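**Student:** predicted coordinates and the sequence they were generated for:
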Amino acid sequence: MTDLESLAQRIRIHVLRMTSQGGSSHIGSAFSMVDIMAALYGRVLNVDPKNPRKANRDRFILSKGHAGAAVYATLAECGFFPVEWLKSHYQDGSYLSGHVSHKGIPGVEFSTGSLGHGLGVAAGMALAAKQKEESHRVVCLLSDGECDEGSNWEAILFAAHHKLDNLMAIIDYNKIQSLAPVQETLALEPFTDKWRSFGWSVVETDGHDFPQLTTALGSCHQQAGQPTVVIAHTTKGKGVSFMENSVLWHYRTARGDEFDAALRELQKAA
Amino acid sequence: MRDTFIKRLCELAEEDPAIMLITGDLGFKVLDEFRDRFPKQFLNAGIAEQNMTGLATGLALEGYTVFTYSIANFTFMRCLEQIRNDAAYHDCNVNVVSVGGGFSYGSLGISHHATEDLTIMRSLPNVEVLAPCDNWETTELTTEMAKRPGVSYLRLDKSTAGETQRPGETFEYGKARVLREGSDVTLAGAGGIVGDVLKAADALAQEGISARVLSLHTVKPLDTDTLASACRETGGLITVEEHTIEGGLGGAVAEALFEQGVQPGFFHRVGLRAGFSSTVGSQQYLRSVYGLDANAIADAVRQRVERRKLRRAA
């Protein structure tokens, strides 16, 4: 098992415990993007847990804020704050809210929760970096269902028009949204064509294959003058067989036997 | 007010390269000077207010002092959630400027009537709400907005109250200005409609009613102390706003005074009570239709002062 695979499994186990103890939702959405988080924080991003606000850090915004548990777990595993803190997730008096929040949490760049907010802010940050001639990247992770929000398409237009090639969007394309498959809710396909026609450089990848994923996520700036989108094909609930590709696990919390079974699967894989 | 705002912003931008102005594709001719003099500090975000506010937040997080600009409701209502979750929650120096408070764009129809903005914006944490009555207040508030952290909302009117600065008067943020001394009643307004308040005070003076006039240029933070002493000293308070009476300036004043245990002899809110306006007309015309003009304000005072007289006589 590679270091990234092992990091990802540890993150998944944290997320399972956090959502189970807190009784929170969105484990399926968190699991589908765990490998992306592991690749970003384990390999791709220039960030420093000892100095989370260092000036030239790459900026990462989770726009699909409901998968906040995966961000907290990743940051804790990477040393931004003690792993112990994760136990407070979703508990009374905690800072670790169900939707990702930056207050009091080292390493969280931006708080989200309402969908369609992250990319515009990321575009503003990327524009600032251009204006100040700074070389860091701005990376924003969105869900597929989130692309229903019109505000994203405002930002997509803007980023291409202003040639923000220091901006990367990642789509966690797990094909399932809150109530039903994406394609049955508001069809996104042909998805890559949409991004290309808006002037973005498009990279498709398997969102769970680390060699492919790290190459794709490292491809920001690949086309001068064009922002990049990585469309990561993922599996909702990835890592626990009975959660995979299931609408149910968008909201369901693993308890009792389900928790034990999920933990066994994850620990076996780890 | 709009031109005064831009003029002051140009001066500020000259001193501080971190000041940025983003427009939602409005401001034909008005923004030309700023754009031409400070091309790197100017951005047209297109007709996309949600993204405009997101961009402003991203830029502010990276150290910029950002002004977003559009007319009437577009600058805050379309993108209210971006103002709340993004700019305000993240303590960003994002300054939301609406050109066309109240019925400034009266003839354009209800889409362009900004008549609920004070209520909506003052309810947001980390957001201060500013409504100047003249060019001097506009200049001073623009300077303050740039300087102060957090989100400010600036409501600019087409009409103004004229030049209200007294010789030697200095501006104090958060402090109501006493435009006219008076002892029988206090008239507290915000925005260009203060011009009608002053006219009403003039008419009342002719009849021997002495009205104190306050300009509450910061609706939030509200200067409760000046309001409380005005109530005690004049015995009656009437608020005036070109805005719904639901939770706006009058609402803010009532909440603050009641909580402090200050009870004026009479209290009345001059504001919109009629719901949406589907009447076409200029700002001044609509003020007269909806009972917000100098005549209506003076009438409101006369009735209450008369009643007080009768009560006292009894």
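**Tutor:** Perfect, I can see it now. Numbering: from 1, shown residues only, chains lettered A, B, ... in the order given.

**Student:** what does the stretch 101-250 of chain A put close to chain B?
**Tutor:** The stretch 101-250 of chain A has residues A:102, A:110-114, A:116-117, A:119-129, A:131-132, A:150-151, A:154-155, A:157-158 near chain B, with proximity defined as C-beta under 8 Å from any C-beta of the partner chain. The C-beta positions use only the backbone N, C-alpha and C, and glycine is treated the same way.

**Student:** go with 7 Å
**Tutor:** For the stretch 101-250 of chain A, the contact set with chain B under C-beta under 7 Å from any C-beta of the partner chain comprises A:110-111, A:114, A:117, A:120-125, A:127-128, A:131, A:151, A:154-155, A:158.

**Student:** just the CA atoms of the lengthiest helix in chain A, as PDB, please.
**Tutor:** Ranked by residue count, the top helix of chain A under DSSP state H comes out as helix A:3-22. Provided in PDB are the C-alpha atoms of helix A:3-22 (Å, rounded to 0.1, in the frame of the first residue of the first chain):
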ATOM      1  CA  ASP A   3       1.600   6.300   1.500                       C
ATOM      2  CA  LEU A   4      -1.300   8.000  -0.200                       C
ATOM      3  CA  GLU A   5      -3.500   5.000  -0.100                       C
ATOM      4  CA  SER A   6      -2.700   4.600   3.500                       C
ATOM      5  CA  LEU A   7      -3.400   8.300   4.200                       C
ATOM      6  CA  ALA A   8      -6.800   8.000   2.400                       C
ATOM      7  CA  GLN A   9      -7.800   5.000   4.400                       C
ATOM      8  CA  ARG A  10      -6.900   6.700   7.700                       C
ATOM      9  CA  ILE A  11      -9.000   9.700   6.600                       C
ATOM     10  CA  ARG A  12     -11.900   7.400   5.800                       C
ATOM     11  CA  ILE A  13     -11.800   5.800   9.200                       C
ATOM     12  CA  HIS A  14     -11.800   9.200  10.800                       C
ATOM     13  CA  VAL A  15     -14.800  10.300   8.700                       C
ATOM     14  CA  LEU A  16     -16.700   7.200   9.600                       C
ATOM     15  CA  ARG A  17     -16.100   7.700  13.300                       C
ATOM     16  CA  MET A  18     -16.800  11.500  13.100                       C
ATOM     17  CA  THR A  19     -20.100  11.200  11.200                       C
ATOM     18  CA  SER A  20     -21.200   8.200  13.300                       C
ATOM     19  CA  GLN A  21     -20.400   9.800  16.700                       C
ATOM     20  CA  GLY A  22     -21.900  13.100  15.700                       C
END
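
**Student:** just after that helix, pick out the following helix or strand.
**Tutor:** Remark: after helix A:3-22, the chain's next helix or strand is helix A:27-39, criterion DSSP states H and E.

**Student:** now the element after that following helix, going C-ward?
**Tutor:** Going down the chain from helix A:27-39, the next helix or strand is strand A:59-62, by DSSP H and E.

**Student:** just the helices in the stretch 151-270 of chain A please.
**Tutor:** Assigned by DSSP state H, counting those that start in this stretch, the stretch 151-270 of chain A shows helices spanning A:182-185, A:191-197, A:210-217, A:256-269.

**Student:** what residues of the third one count as buried?
**Tutor:** Taking 16 or more other C-beta atoms under 10 Å in any protein chain shown as the basis for neighbour counts, the residues of helix A:210-217 that come out buried are A:210, A:212-214, A:216-217.

**Student:** what's next to that helix, contact-wise?
**Tutor:** A:2, A:4-5, A:35-36, A:39-40, A:43-44, A:203, A:205-207, A:230, A:232 (C-beta atoms under 7 Å, 6 or more residues apart in numbering or on different chains).

**Student:** ok, now which ones touch A:K132?
**Tutor:** No contacts exist for A:K132 under C-beta under 7 Å, 6+ apart.

**Student:** what does the pLDDT read for it?
**Tutor:** At A:K132, the predicted lDDT confidence score is 97.

**Student:** now do the one 10 residues further on
**Tutor:** As predicted, A:L142 sits at a pLDDT of 98.

**Student:** state whether it is indeed within a helix.
**Tutor:** No - using DSSP: H, G, I helix; E, B strand; the rest coil, the secondary structure at A:L142 is strand, not a helix.

**Student:** what sits against it?
**Tutor:** Residues near A:L142 by C-beta under 7 Å, 6+ apart: A:63-64, A:118-119, A:152, A:169, A:171.

**Student:** which of the residues you listed sits closest to chain B?
**Tutor:** A:L119 (7.4 Å; C-beta to the nearest C-beta).

**Student:** element containing the closest one?
**Tutor:** Using DSSP H and E, A:L119 sits in helix A:118-131.

**Student:** what pLDDT, on average, does stretch B:44-63 get?
**Tutor:** 98.

**Student:** pLDDT below threshold where in chain B?
**Tutor:** Filtered on pLDDT under 70, chain B yields no residues whatsoever.

**Student:** near chain A, which residues of it?
**Tutor:** Selection of chain B residues close to chain A by C-beta under 7 Å from any C-beta yields B:40, B:45-46, B:48, B:50-51, B:54-59, B:61-62, B:64, B:81-82, B:85-86, B:89-90.

**Student:** in helices, which of the residues you listed fall?
**Tutor:** B:50-51, B:54-59, B:61, B:81.

**Student:** for those residues, work out which two are farthest apart.
**Tutor:** Largest separation among these by C-beta to C-beta: B:L59 and B:E81, giving 18.3 Å.

**Student:** between the two, point out the one with more neighbours.
**Tutor:** Between B:L59 and B:E81, counted using other C-beta atoms under 10 Å in any protein chain shown, the more crowded position is B:L59 (27 against 14).
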